[in-house]
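> Only the shape, not the letters, is given here:
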C-alpha cells in the first residue's frame, strides 16, 4: 500500500485548487480529452482526499461545458 499525502488541513482557497486539479485529471484520462496533464493525474493519485464532496455539487460531466 502506498503512503498517500494527507491534504485534510488545507484551507478553503487551497482546497478549491483541488477541484481544478481533479477536473484536469479527468480530462487527461479521456481518450478525446483536449488537454493532457500527466502531473494532475500524478497529484490526484498521490493524495488522500474525499473528492466526493465536490462531485455531488458538480454538474454531470457528459462532455459538455456550461458557462
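Structure received. A quick note: this is a predicted structure, and the numbers were derived from the prediction, not measured.

> Residue 38 touches residue 27, doesn't it?
No. Counting by CB atoms under 8 Å, residue 38 does not reach residue 27; the two are 11.7 Å apart. Heads up, the C-betas are built off the backbone N, CA and C, glycines and all.

> Neighbour count for these two, which is higher?
A count of neighbours by other CB atoms under 10 Å puts residue 27 above the other of residue 38 and residue 27, at 16 against 10.

> who are the neighbours in contact with that one?
Counting by CB atoms under 8 Å, 6 or more residues apart in numbering, residue 27 makes contact with 33-35, 37.

> Of all pairs in the residues you listed, which one is the farthest apart?
Farthest pair in those (CB to CB) is 34 and 37. Separation: 10.5 Å.

> For these two, indicate the residue with more neighbours.
Using other CB under 10 Å as the criterion, residue 34 and residue 37 rank with residue 37 on top: 15 against 8.

> what's the more buried one in contact with, if anything?
Contacts of residue 37 (CB under 8 Å, 6+ apart): 24-25, 27-28.
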